[in-house]
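Trainee: Any chance you could fold what I've pasted below:
(2 chains)
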There are 2 protein chains.
Amino acid sequence: MSDLRSEAEVWDAKDELAAKRAEFVLDDTVYLDGNSLGALPANVPGRVADVIARQWGELRIRSWGESGWWTAPERIGDRVAPLVGAAPGQIVVGDSTSVNVFKALVGAVRLARGEGGDRPDGGDRHSDGGRDEIIVDATTFPTDGYIAQSAARLTGCRLIPLAPAEVPAALGPRTAAVLLNHADYRTGRLHDLPGLTAAAHAAGALAVWDLCHTAGALPVGLDEHGVDLAVGCTYKYLNGGPGSPAYLYVREEHQERFDSPLPGWNAHAEPFGMRPDFEPAQGAVRGRVGTPDILSMLALEAALDVWDGVSVDAVRAKSLALTDFFLRCVETYVPPGLVESLTPAAHAERGSQVALRCADAGDVMKRLIDQGVVGDFRAPDVLRFGFTPLYVSFADAERAARVLARTLAV
Amino acid sequence: MSDLRSEAEVWDAKDELAAKRAEFVLDDTVYLDGNSLGALPANVPGRVADVIARQWGELRIRSWGESGWWTAPERIGDRVAPLVGAAPGQIVVGDSTSVNVFKALVGAVRLARGEGGDRPDGGDRHSDGGRDEIIVDATTFPTDGYIAQSAARLTGCRLIPLAPAEVPAALGPRTAAVLLNHADYRTGRLHDLPGLTAAAHAAGALAVWDLCHTAGALPVGLDEHGVDLAVGCTYKYLNGGPGSPAYLYVREEHQERFDSPLPGWNAHAEPFGMRPDFEPAQGAVRGRVGTPDILSMLALEAALDVWDGVSVDAVRAKSLALTDFFLRCVETYVPPGLVESLTPAAHAERGSQVALRCADAGDVMKRLIDQGVVGDFRAPDVLRFGFTPLYVSFADAERAARVLARTLAV
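Mentor: Alright, predicted model coming up:
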């Protein structure tokens, strides 16, 4: 047995999260695509079967009250909250990430302009001299940029796409909001959430963060770092299932003036009052829109059970150890020059994935998958390997690097 | 046995849809709340169990291609299409009804103003002399009005709430779009979709219809009547499950210029190109936003199997026979003056529910439910009874009226 295989055994033997793997449905595949779709938590099938057969099939309409369907968005939001460093009452689950980016960004512009609240005249001030710029992370997952363009157009703002490092210099009295991704989906680079949030605030702007690639992988600290609004998906490191509902964080101090561009009946102070005029609910519930998607939402709720007793700090420690170890295995096994890591070596700049640039990456990933090592390919030349600390072992990391080396040697 | 009970037996014996009831999970409850949450189709639990255990649990990320996850929104849209009189390629499933109302209404205003398409300058024309009014059904389910208010605010329009009958007189050269509900959620009144659509067109405006209370209950004829855009939920007469995804219809001739205010990455011509600039997909797919919610969406797909071989005309015929019969039973059993029907007697003005006004309606409904007759209550004084022709029998209608009479007599 190689030194690295022995070393993996040692690491796995002392891994305090190792037992968590048994709470997922896994086979002998090395599954390194949990940064795209998390594996199935073992308690989800039974829970969803009960939701369908008993709650829907037998109780039917009564389940909106008796089975807690109606309050699911905020109840499950409170389950996500500790994973991203938020006190209760600031997160609601529902809709897709894209839809939540829209709510958050239009809401942020209105807050920055002091427009918040329930304006009886219903008009936006498209003020020329006011805050009319939105800065968006130019390296972010594209949907954020597309939605930011729409938010800018509808609020009379100019959209300024910049790399995160260029943001501080561009902030100024015209900046309304900044939309940034906590980790770059291609390279796995972790951006400086505390520093960039503080910089936005110093300019009088609001900071909106996309946590898709960090929630469940590392401490986010939304409350601690003063983040204004945030969104994230739940199907990556939170294992909520394909296309599971996303979430919206609205910092408590902003809730009173948060003015959603999607004020559906679920955001109303009295939804069943069926009133013609909109009066927003108090609290994060204001971020709800329409009828919550119960099957997907309660699958997510079951999936979140695996976090019971888990410390996010422990997850982060294991994530860094795994990606360090994988990079070391790659360096040891793969002949020089065949791959180049795009993932920062510094821990402070690294998320929970490793991105390797190589020739014929699409074809290489196909061959890896055929050999039971599942990552994914991002055009034009990137192999992505996501490390989910709850179910990926050091032995997995070693095997992935070994199979990669063998594949590249052919 | 009373005459009406015998009559119900005769009707049920010759009901060509009677066999459909066996395709649902039902007990001896008289379930007249399918206009709020449709009953569970019997094939849904098995299908969802497979989606979770095999597609997610075993195939994991591969299911986006191999299990057809990626194309589900348009594939399932094409299953909804024949139920609302639409040719294929015009409907996508996803998001909530409220979110789809927003897409449809902002999209309609842009189409009416001739702004459609991919405008490189990204600016809306808030033209003073142009079309700057949105008319909304003042009697509609409230979320439509709330979202219409937001759409108006963001597009620089004035919102004009009117009863549907008042709409034709209010249409004019400033009208951009009209948002109407096909059936009133309180009274069950069916509005004149062909006539009001034609009136909107005569004024140069676009007609947007909310089909929540008619899709699956009666022929809608979207293509035939020239409807421009439409939305609807799938959890009422389409039995898709609690909060199942809604849908958006974009008439083929508008698709090229349909300019969604929620242009997420799923609406991009090449989603996995991960390009910084948004280039809209061709076709109804342009109405997609973010990652589709697969569990709920595939539950809906299974639920739609019950429509195989069903004629919507037969559904409509049974629906009218059921509501006629129920009203006759109520008139026969309930002493005069205790209830008043809000539902139009004329077939052309009736959806698939009966609304009865009565004193202490909330309490009356509680007592009905305790006796196994499930309808619902809408403040302040309305009892609603929805008749889903696929699983409600004439015997159910007779029993409901009988129990109502007994309850009111106490």
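
Trainee: can we go C-alpha only for contacts and neighbour counts from here?
Mentor: Will do.

Trainee: Return, as residue ranges, the portions of chain A with sub-threshold pLDDT.
Mentor: By pLDDT under 70, the low-scoring segments of chain A are A:1, A:116-129.

Trainee: gap between residue A:73 and chain B?
Mentor: 12 Å (Cα to the nearest Cα, to the nearest Å).

Trainee: What about that residue, how many residues nearby?
Mentor: Using other Cα atoms under 10 Å in any protein chain shown, residue A:73 has 27 neighbouring residues.

Trainee: ok, now residue A:173?
Mentor: 15.

Trainee: can I assume it sits in a helix?
Mentor: No - under DSSP: H, G, I helix; E, B strand; the rest coil, residue A:173 falls outside any helix and is assigned coil.

Trainee: backbone phi and psi for it, please?
Mentor: phi -70, psi -10 (degrees, to the nearest 10).

Trainee: so how far is residue A:206 from it?
Mentor: 12 Å (Cα to Cα, to the nearest Å).

Trainee: again, but for residue A:248
Mentor: Look at residue A:248 and residue A:206: by Cα to Cα, they are 15 Å apart.

Trainee: Quick check: which element contains the residue in the stretch 51-200 of chain A that chain B sits nearest to?
Mentor: Relative to chain B, the nearest point of the stretch 51-200 of chain A is residue A:143 (4.6 Å; Cα to the nearest Cα). When elements are assigned from DSSP states H and E, residue A:143 belongs to helix A:142-155.

Trainee: The next helix or strand after that helix pairs with which strands, parallel or anti?
Mentor: Sequence-wise, the next helix or strand downstream of helix A:142-155 (DSSP H and E) is strand A:158-162. Sheet pairing here is set by DSSP bridges, and for strand A:158-162 it gives strand A:133-137 (parallel).

Trainee: With only the CA atoms kept, save the partner strand in CSV.
Mentor: Taking Å, rounded to 0.1, in the frame of the first residue of the first chain, the C-alpha atoms of strand A:133-137 are listed here in CSV:
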residue,chain,number,x,y,z
GLU,A,133,-25.4,51.6,-9.7
ILE,A,134,-25.4,47.9,-8.9
ILE,A,135,-22.1,46.2,-8.8
VAL,A,136,-22.1,42.5,-9.7
ASP,A,137,-19.4,39.8,-9.4
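
Trainee: got the contact list for that strand?
Mentor: A:109, A:144-145, A:148, A:152, A:157-164, A:167, A:174-181 (Cα atoms under 8 Å, 6 or more residues apart in numbering or on different chains).

Trainee: hmm, back to that, does the residue of the stretch 51-200 of chain A closest to chain B really touch residue A:96, like I thought?
Mentor: No - with contacts counted by Cα atoms under 8 Å, residue A:143 stays clear of residue A:96, the gap being 10.9 Å.

Trainee: which one is the spatially most central residue of chain A nearest to, not counting chain neighbours?
Mentor: With distances taken as Cα atoms, centre = their mean, the residue of chain A nearest its centroid is residue A:212 (1.6 Å). Computed as Cα to Cα, 6 or more residues apart in numbering or on different chains, the closest residue to residue A:212 that is not its neighbour in sequence is residue A:232, at 4.4 Å.

Trainee: Roughly how far does the one you found sit from chain B?
Mentor: 12 Å.

Trainee: ok, that residue - contacts?
Mentor: Counting by Cα under 8 Å, 6+ apart, residue A:232 touches A:97, A:210-212, A:215, A:246-248.

Trainee: Would you mind putting the residues you listed into a markdown table with secondary structure and distance to residue A:334 alongside?
Mentor: Supplementary listing: these in a markdown table, determined by DSSP: H, G, I helix; E, B strand; the rest coil; distance: Cα to Cα, whole Å:
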| residue | secondary structure | distance to residue A:334 |
| --- | --- | --- |
| A:97 | helix | 37 |
| A:210 | strand | 34 |
| A:211 | coil | 32 |
| A:212 | coil | 30 |
| A:215 | coil | 31 |
| A:246 | coil | 38 |
| A:247 | strand | 40 |
| A:248 | strand | 42 |
